[in-house]
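Participant: Just a sequence and a predicted model for now, questions to come.
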Amino acid sequence: MKLGLQLGYWGAGPPSNAAELVAVAEESGFDAVFAAEAWGSDAFTPLAWWGSGTRRVRLGTSVVQMSARTPAACAMHALTLDHLSGGRFVLGLGVSGPQVVEGWYGRPFAKPLARTREYVSIVRQVLAREAPVANDGPHHPLPYRGPGALGLGKPLKPITHPLRADLPIWLGAEGPRNVALAAEVADGWLAIYYAPRLAGMYDEWLGEGFAKAGRGRDGFEVAATCQVVVTDDPVAVRTTLKPFVALYAGGMGAPGMNFHAEVFTRMGYGEAVADVGRLFRAGRKDEAAQAVPDELVAEISIVGTAGQVREEVRRWEEAGVTTLLVGCRDGASIKAVAEACQ
């Protein structure tokens, strides 16, 4: 099992000890460091800044939001960071949700699967640099010929030669069709909430995509976000995780279209998810956190003694996960996780 340090996205300001965490993660044998974005800090800049002090770990985004930048602009970020890191960059992409896409980026959210397919195709064209980049699809037409166009655009190749044509592209996906798409067009799946109990269901979704692409699972990575905590008091730790679950189940998405809530519902917690959402939207966030079932938190995290963590990590690996993306607040926690997972 590989480990990735999840730096996430910033709150009101940048974290004070991120550089230390990245250094300790590399020293402790972590395979990668990932950064995310929501509607504040971006995911590329922290990797360039803090990643400049690393020599071995992969640097990845989990995820950059596709509506935040055009496919060509995203490919420029990717090829630049790949050069600067000596071929260690992983491009993790995600569609986000309608509240962010339409409310923050001012872009339409409709047809996310078709948009993703076009987006990945254009990024791959840029990285391949075999021909001028063009796309006939309706979502990202290149050259642009729509309203306001002067008609002077022409297909272009990137000036900079990408370091790797096969730079890995992973998709953040939660629903069955999106997970299948990741298996079809990407090199990995970023699972924000994963439950080993449902590995058979995930395998069916992935299998559909592999079959459509005419390939097997070899080389495909499954990176699951998972809080891994070595402790003698798992009950207390799981209690501290409940507010984050409540936020994603109740506050990260529109009523009636919250993809995170749908994930928890598929796990069998539909009634509890409805209660969490109702309480969260009413501003009763503490009560929403208390309504999160203990069993749900236990399914999506690995918390316990070093021996218990080691056993659980083995179970997640057997369920198909190749990388655990863990969030740690200090160097001691990183070292404890690394030692337990050896």
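Facilitator: Good, I have the coordinates.
Participant: Outside of stretch 244-261 itself, list whatever touches it.
Facilitator: By C-beta atoms under 8 Å, 6 or more residues apart in numbering, the residues outside stretch 244-261 that reach it are 97-99, 174-175, 192-193, 264, 273, 276-281, 285, 288-289, 291-292, 296-297, 300. From N, CA and C alone the C-beta is placed, and that goes for glycine too.
Participant: Of those residues, which belong to helices?
Facilitator: Among the contacts of stretch 244-261, the ones falling in helices (DSSP state H) are 98-99, 264, 273, 276-281, 285, 288-289, 296-297, 300.
Participant: What subset of the residues you listed is buried?
Facilitator: Neighbour counting by 16 or more other C-beta atoms under 10 Å classes 98-99, 264, 273, 276-277, 279-280, 285, 288-289, 296-297, 300 among the ones in helices among the contacts of stretch 244-261 as buried.
Participant: In contact with the residue lying closest to F264 once chain neighbours are set aside, which residues are there?
Facilitator: Spatial nearest neighbour of F264, excluding adjacent residues (C-beta to C-beta, 6 or more residues apart in numbering): V273 at 4.8 Å. The contact partners of V273, by C-beta under 8 Å, 6+ apart, come to A249, A261, F264, T265.
Participant: and G29, how many residues sit next to it?
Facilitator: Residues lying near G29 (other C-beta atoms under 10 Å) number 16.
Participant: Hmm, it is touching A338, no?
Facilitator: Yes: at 5.5 Å, G29 and A338 qualify as touching, with contact defined as C-beta atoms under 8 Å.
Participant: residues shared between the contacts of the two?
Facilitator: Common contacts of G29 and A338 (C-beta under 8 Å, 6+ apart): L3.
Participant: quick revisit: tell me which of the ones in helices among the contacts of stretch 244-261 is nearest to A183?
Facilitator: Within these, the smallest distance to A183 is 21.4 Å, found for I300 (C-beta to C-beta).
Participant: The closest one and A195 touch, don't they?
Facilitator: Yes: the criterion here is C-beta under 8 Å, and I300 meets it with A195 at 6.1 Å.
Participant: gap between G251 and G277?
Facilitator: 8 Å (C-beta to C-beta, to the nearest Å).
Participant: so what sits against both of the two?
Facilitator: Counting by C-beta under 8 Å, 6+ apart, nothing touches both G251 and G277.
Participant: Can you show me the helices along the stretch 101-250 of the chain?
Facilitator: 112-128, 176-185, 199-213, 234-250 (DSSP state H, counting those that start in this stretch).
Participant: Quick one: mean pLDDT for stretch 251-268?
Facilitator: Averaging pLDDT along stretch 251-268 yields 79.
Participant: Could you export that stretch as CSV, CA atoms only?
Facilitator: What follows is stretch 251-268, C-alpha atoms only, in CSV (Å, rounded to 0.1, in the frame of the first residue of the first chain):
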residue,chain,number,x,y,z
GLY,A,251,-23.1,21.3,3.2
MET,A,252,-21.0,20.4,0.2
GLY,A,253,-23.7,20.3,-2.5
ALA,A,254,-27.2,21.5,-3.3
PRO,A,255,-30.3,19.9,-1.8
GLY,A,256,-31.3,17.1,-4.1
MET,A,257,-27.8,17.1,-5.8
ASN,A,258,-25.1,16.3,-3.3
PHE,A,259,-22.8,13.7,-4.7
HIS,A,260,-21.1,13.1,-1.4
ALA,A,261,-24.5,12.4,0.3
GLU,A,262,-25.3,10.0,-2.5
VAL,A,263,-22.1,8.1,-1.7
PHE,A,264,-23.1,7.6,1.9
THR,A,265,-26.6,6.7,0.9
ARG,A,266,-25.3,3.9,-1.4
MET,A,267,-23.4,2.6,1.7
GLY,A,268,-26.8,2.1,3.3
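Participant: Now do the buried residues in stretch 266-276.
Facilitator: Buried residues in stretch 266-276 (16+ other C-beta under 10 Å): R266, M267, G268, Y269, A272, V273, D275, V276.
Participant: check contacts around D275.
Facilitator: Counted by C-beta under 8 Å, 6+ apart, D275 has contacts A288, A291.
Participant: ok, now how distant is it from I300?
Facilitator: For D275, the distance to I300 - C-beta to C-beta - is 18 Å.
Participant: Q6 is in contact with L325, correct?
Facilitator: Yes: counting by C-beta under 8 Å, L325 does reach Q6; the two are 4.4 Å apart.
Participant: Pick out whichever of the two has more residues nearby.
Facilitator: Set L325 next to Q6 and count neighbours by other C-beta under 10 Å: L325 wins out with 28 against 21.
Participant: what's the helix or strand for the more buried one?
Facilitator: Element membership for L325, per DSSP states H and E: strand 323-326.
Participant: And for T54?
Facilitator: Counting by DSSP H and E, no helix or strand carries T54.
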